[in-house]
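> Got a predicted structure here, sequence first:
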Amino acid sequence: MFFTTYFLLTGLLGSLATGPSDTPPVPSGAVQSLKAARTLGAGATVTVRAVVLNGAELGGLRFVQDGESGLALYALPTRVPGFDELQAGDSVQVTGQLKNYQGLLEMDPISAVRKISSGRPLRPLKVPASGITAAFSEAHEGRLLEVTGLSRLTNSSGTPVDALSANTNYLLDGQTGALLRVTNSSSGPNGLINAGVPKGEQFDVRGILSQFSASGTGGYQLLPRLATDLVRGGGLARITAEPVPVNITAQGFTIEFSTSYPGDTRISYGPSSTELTSNRIDEALTTQHRIVLDGLEPGTTYYVQVSSRNMAGMASSAAVPVITGGHKSGRKK
C-alpha cells in the first residue's frame, strides 16, 4: 500500500513537471509585461499593466508603454466603461485580445479597463534625426519617441511646410520613410491642426510610433498628439514676451511675462543689475507668468530679472529697471 501510494504520487508529480511544453500557459488574468504579451501575438488574450501615452487626440486609439515595450489599444467610445476617459499619464490594467490591424499589433476587443493612478511621468525614447530609419522598427512600435535635432517638416515632395493639416502625412527633415501623420482628432486650441512648424531653429518632435501597412511590413509612422509635441528649444521655457510692470504703486508693482513652454515663475530684484539680492518664486507651471512685488520703497528704481525653470532647464531675461510710484521718503535737500 505504501509503495503503491508512493509510486502513484511520484508518477503524478513527474507528469506535471514534464508536460508537453517547458513554458507553462499564462493563467487567465495574470498580468504580463508588454514585451511578453507582444510575443504571444494576434489571437492571444492578455492582461497588461502600463502607462497611457495619449488621450482623445488620437480618436479611439490609446497607446500604453512600460519600461520595455509599447502597445496600441482600440475601442469605440462607450464600448468599454472607463476607456474613453483615459488620459496621458494614467496607469492602467487592461484585458483584451490581440489582433493585427494593417501591421499594427493592438488590443481589440477590450474586455476590462481598470485605472490604477494618474500623473505618471511619460519617458520618451530619444532618437537623433540621423537615426530615424533605425528607430522606425517593430521593436519600438507603440512607444513614445522624441526625434531630436530636426530642421523642417516637408510634404511628400520635400517642400517645407509652415502649418499642419488634418489627415495629412509629412516627412521628418524630408527623409523618405520618416513619416509623421496628423490625425483629424487633434483639434482645438491645443491641437496639431493648423499648428505652426518651427522656423529658423532646430526643434524636436514627440510622437507615438504606429504602423499602417496592408502587407504588414514597413509603413511605420510617428503620431504626434498635441501642438506641444513640436518642441522648440528642447522644451525649455524660453521667455517670449519681456517682463512688463503693471499696477505700479508706491509700495510695489506686478511683473508679467510669457514663455514658450510651461515653467515656474522666478523673479530676482535689487538696487542694480549686478545686485539682484531679493527673490520670489511661484512653483506652479505655466506659460503666462505673474508675480506681485510689494513692500518696496516709494519712488525707487529696482532692477528686475525674470526666469522660468522646467525639466529642460532654466531660461532668464536680462534685468530691466522699474520705478515705484510716489516719492522717496526723507527730507528734500
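Cool, the structure landed. Numbering: from 1, shown residues only.

> Would you mind pulling up the elements that the longest strand seen in the chain packs against?
As assigned by DSSP state E, the longest strand anywhere in the chain is strand 253-270. Strand 253-270 is packed against strand 230-232, strand 239-246, strand 278-293, strand 301-310, strand 313-316, with contacts defined by 3 or more C-beta pairs under 8 Å, 6 or more residues apart in numbering; DSSP states H and E. C-beta coordinates here come from the backbone N, C-alpha and C atoms, glycine included.

> show me the contacts for residue 317.
By C-beta atoms under 8 Å, 6 or more residues apart in numbering, the contact list for residue 317 reads 239, 242, 243, 257, 305, 306, 307.

> Domain map for this protein?
With domains defined by automatic domain parsing, the chain comprises 31-117, 125-234, 236-323.

> Can you lay out these as TSV showing mean pLDDT?
TSV is the format used below for those (pLDDT from 0 to 100):
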stretch	mean pLDDT
domain 31-117	95
domain 125-234	94
domain 236-323	92
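
> ok, the spatially most central residue of the chain - contacts?
By C-alpha atoms, centre = their mean, the chain has its centre lying nearest to residue 122, at 5.6 Å. Shown in contact with residue 122 (C-beta under 8 Å, 6+ apart): 51, 53, 88, 89, 144.

> Let's see if you can find the most crowded of the residues you listed.
Comparing the contacts of residue 122 by number of neighbours (other C-beta atoms under 10 Å), residue 53 comes first, having 28 neighbours.

> how far away is it from residue 82?
Noted for residue 53: a distance of 17 Å to residue 82, by C-beta to C-beta, to the nearest Å.

> can you check residue 228 too?
In this view, residue 228 and residue 82 are 25 Å apart by C-beta to C-beta.

> Residue 251 now?
Applying C-beta to C-beta to residue 251 and residue 82 gives a distance of 52 Å.

> Compute the number of surrounding residues for residue 114.
The local packing of residue 114 (other C-beta under 10 Å) involves 12 other residues.

> partners of it in the sheet?
For residue 114, the beta-bridge partners are residue 93 (DSSP bridges).

> Which stretches in the stretch 101-250 of the chain count as strands?
Secondary structure of the stretch 101-250 of the chain (DSSP state E, counting those that start in this stretch): strands at 104-117, 125-128, 144-150, 153-154, 168-172, 179-182, 203-211, 220-223, 230-232, 239-246.

> Using a markdown table, lay out those strands together with distance to residue 40.
Formatted as a markdown table, these follow (distance: least, C-beta to C-beta, whole Å):
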| stretch | distance to residue 40 |
| --- | --- |
| strand 104-117 | 10 |
| strand 125-128 | 23 |
| strand 144-150 | 23 |
| strand 153-154 | 37 |
| strand 168-172 | 31 |
| strand 179-182 | 28 |
| strand 203-211 | 18 |
| strand 220-223 | 22 |
| strand 230-232 | 35 |
| strand 239-246 | 49 |
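
> All good on my end, thank you.
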